[in-house]
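1. Please find the sequence and the predicted model below.
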Amino acid sequence: MQAYQQGDVEAFEVLYGRYRDRVYGYFARTFGDRELSADLFQRTFLRLHQGRSSYDPRRPFRTWLFSIAVNLGKDELKRRARRPGDTPGEELSPVLGIPSGTPSPEATLLATERARHVEQALARLPEPQREVIVLHKLEGLSFPEIAKMRGEKVEAVKARAFRGYQSLRKLLGERWQA
Amino acid sequence: MTCEEVRLGLVNLLETGQEPESDVALASHLATCVACRQAWAELQGGFRAASALGRVETPEQLAATVRERIREELAAEAREAVVLRRFRLPPELVLSAILGGLAALASMWILGLRIDLGAQHPLRVALGGVLWTATFILTFWLALRRSEGEQPLKLIAICGLGALTAFMVIDHFVPLTQVVEFCQRDPRASRIIGPLGVRGLFFTLGIGYALVPLLLLSFATGRGFRGDSLRRGLVAGSIFFFLLAPSIYLQCSSFTLGVLGAWLTGSIVGSLAGSAAGYWIYQRTTARGI
């Protein structure tokens, strides 16, 4: 990141390659809207680029990047709340990806099927619960980090995570095997 | 423990990867509370199920658009940085220009209190102002610029600036021209220095007016040096003279060429002799432990 701060194009490429899917995934899963996700994705990286001189190298980069993304997401949620008439764009297909490193075609098929089920269930959760699961489980952010990004109490985030995971499991139904 | 507290505690276990048995209070609550046991099973189930979620790929076109935009901005920044590096002025030069301009303005104002600058040819005043500004900027730059191993030059420049300030103050309260007039008018003074004539008076007083401030200032700044008092004296005297020259030039229409030449020569002699003597005296006094 420090090299990118100095204007190094290669350093930007490395960071962009490492984080672009994660940022896009966060927006896609939280909002489930292709156009909006693309717009927020662009704005996140442009804001990162324009504000890179203010980045403190002592802070983890991932946390800083997701702070930008979460803030943009929060603004979007507020904007939606103010203008409820806005129609959402094209919905994303619930099956967005499968875990990497799957060994065989059969296993790939099975994993895809399982991922599809979970994506469908996740998409049915309220946005705030979905967001906290994405940030916590998929991005590996801690509850205090998520709480700080969202400007909330840690207990509130934990309670939301609890409800989110619990609802996710319920939505998957009896036949789901971990 | 309430069920609410237990559930927050169970969420914490997701981060640590521990089982409720690791916490006695949690374990004992779960042993007796069916609802919390059920909740823990669901929480774990949901958490494990989320592991099935895979990576989301950014649409290629979107990724390329953002990449291109940022690459373009980085390239533009790099071009700007090259231009800025090429044309960026060192801060000490900017500061010297500001201080030099202010010093020249102040000097013109002090001079204007004593002589009528409005009566001078505008071109002469403009040229004098430009010369003064340039010499001030150069002197401030010598005093402020970052350089290693050239500390004496900084002090010499400070000495020149200080000497000019002292000269301006002395000349403002006891103007050299009025002293010359007094010497000519007063019978006793006229008897003593009358034989010198006007040119001689300007020459002699020019020496005195340059010598006194430089002697004092070079003595004051002498502690920054080791040896070579003559060379330092010549440099300090030259700086002072070049700072003083625009003042003499701005007043030159009031004098004949001979008087002006005498005054200038006196100033040169006084500057060089005064500064060299100041450094020499400093060395002598420190050598003798005075």
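-> Arrived safely.
2. Count the residues that sit near the closest residue in space to residue A:136 that isn't next to it in sequence.
-> Nearest non-adjacent residue to residue A:136, counting by CB to CB, 6 or more residues apart in numbering or on different chains: residue A:161, 5.8 Å away. For every residue, glycine as well, the C-beta is placed using N, CA and C. A count of nearby residues for residue A:161, using other CB atoms under 10 Å in any protein chain shown, gives 25.
3. dump the residue contacts of residue 70.
-> Because you didn't say which chain, this covers chain A. Contact analysis of residue A:70 by CB atoms under 8 Å, 6 or more residues apart in numbering or on different chains lists A:131, A:135, A:146, A:149, A:150.
4. think we crossed wires, I meant chain B
-> Residues near residue B:70 by CB under 8 Å, 6+ apart: A:12, A:16, A:45, A:46, A:49.
5. and if you look at residue A:74?
-> Counting by CB under 8 Å, 6+ apart, residue A:74 touches residue A:150.
6. redo that, cut-off 10 Å
-> By CB atoms under 10 Å, 6 or more residues apart in numbering or on different chains, the contact list for residue A:74 reads A:128, A:131, A:149, A:150, A:151.
7. Among these, which lie within helices?
-> A:128, A:131, A:149, A:150 (DSSP state H).
8. what about the nearest residue to the first one once chain neighbours are set aside, which helix or strand?
-> Right, residue A:128. Once flanking residues are discounted, residue A:128 sits nearest to residue A:160: 5.8 Å by CB to CB, 6+ apart. Using DSSP states H and E, residue A:160 maps to helix A:154-172.
9. thinking again about what came up before, save the contacts of residue A:70 as CSV, and put in pLDDT and distance to residue A:30 too.
-> As requested, the contacts of residue A:70 are arranged in CSV below (pLDDT from 0 to 100; distance: CB to CB, whole Å):
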residue, pLDDT, distance to residue A:30
A:131, 91, 5
A:135, 92, 9
A:146, 92, 12
A:149, 87, 13
A:150, 86, 12
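10. Drop anything exposed from those residues.
-> Buried members of the contacts of residue A:70, counted by 16 or more other CB atoms under 10 Å in any protein chain shown: A:131, A:135, A:146, A:149, A:150.
11. show me the contacts for the fourth one.
-> Pointing back at residue A:149 there. By CB under 10 Å, 6+ apart, the neighbours of residue A:149 are A:63-64, A:66-71, A:73-74, A:135, A:141, A:157.
12. Would you tell me which one of those residues comes nearest to chain B?
-> Closest approach to chain B among those (CB to the nearest CB): residue A:157, at 9.1 Å.
13. how about the nearest residue to that closest one, chain neighbours excluded?
-> residue A:147 is the one closest to residue A:157 (CB to CB, 6+ apart), at 4.5 Å.
14. Report how many residues lie close to the one you found.
-> 19.
15. got the angle for the helix or strand in which it is found vs helix A:154-172?
-> Element membership for residue A:147 (DSSP H and E) is helix A:143-150. Here the directions of helix A:143-150 and helix A:154-172 differ by 100 degrees (axes from the mean of the first three to the mean of the last three CA atoms, to 10 degrees).
16. Restrict the lowest-mean-pLDDT helix or strand in chain B to CA atoms and write it as CSV.
-> The helix or strand of chain B with the lowest confidence, counting by mean pLDDT, DSSP states H and E, is helix B:187-193 at a mean of 76. C-alpha atoms of helix B:187-193 as CSV (Å, rounded to 0.1, in the frame of the first residue of the first chain):
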residue,chain,number,x,y,z
PRO,B,187,33.1,77.7,11.7
ARG,B,188,34.9,75.4,14.0
ALA,B,189,34.2,72.3,12.1
SER,B,190,35.0,74.1,8.9
ARG,B,191,38.4,75.1,10.2
ILE,B,192,39.3,71.5,11.1
ILE,B,193,37.9,69.6,8.1
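17. So what's the gap between that helix and the chain middle?
-> 49 Å (CA atoms, centre = their mean, to the nearest Å).
18. who's in contact with it?
-> Here helix B:187-193 makes contact (CB under 10 Å, 6+ apart) with B:179, B:180, B:182, B:183, B:184, B:186, B:194, B:200, B:201, B:204, B:205.
19. And the next helix or strand past it?
-> Beyond helix B:187-193 toward the C-terminal end (DSSP H and E), the next one is helix B:197-221.
20. residues contacting the most centrally placed residue in chain A?
-> By CA atoms, centre = their mean, chain A has its centre lying nearest to residue A:26, at 1.7 Å. Counting by CB under 10 Å, 6+ apart, residue A:26 touches A:19, A:37, A:40-41, A:44, A:65-66, A:69-70, A:73, A:131, A:134-135, A:138-139, B:56.
21. so residue B:260 makes contact with residue B:248?
-> Yes - using CB atoms under 10 Å, residue B:260 is in contact with residue B:248, at 7.1 Å.
22. And the helices in chain A, which stretches?
-> Applying DSSP H to chain A gives helices spanning A:2-5, A:9-31, A:34-50, A:61-82, A:105-123, A:127-133, A:143-150, A:154-172.
23. just checking, what packs against the last one?
-> Here helix A:154-172 is seen to pack against helix A:105-123, helix A:127-133, helix A:143-150, helix B:3-16, helix B:34-49 when contacts are counted using 3 or more CB pairs under 10 Å, 6 or more residues apart in numbering or on different chains; DSSP states H and E.
24. still on that earlier bit, can you give me the buried ones in the least confident helix or strand of chain B?
-> Buried residues in helix B:187-193 (16+ other CB under 10 Å): residue B:193.
25. How about stretch A:65-85?
-> In stretch A:65-85, counting by 16+ other CB under 10 Å, buried: A:65, A:66, A:67, A:68, A:69, A:70, A:72, A:73, A:76.
26. Ok, stretch B:31-48 next?
-> So stretch B:31-48, judged by 16+ other CB under 10 Å, has buried residues B:36, B:39, B:40, B:42, B:43, B:44, B:45, B:46, B:47, B:48.
27. Next: stretch B:174-190.
-> Within stretch B:174-190, the residues that count as buried by 16+ other CB under 10 Å are B:176, B:177, B:179, B:180, B:183.
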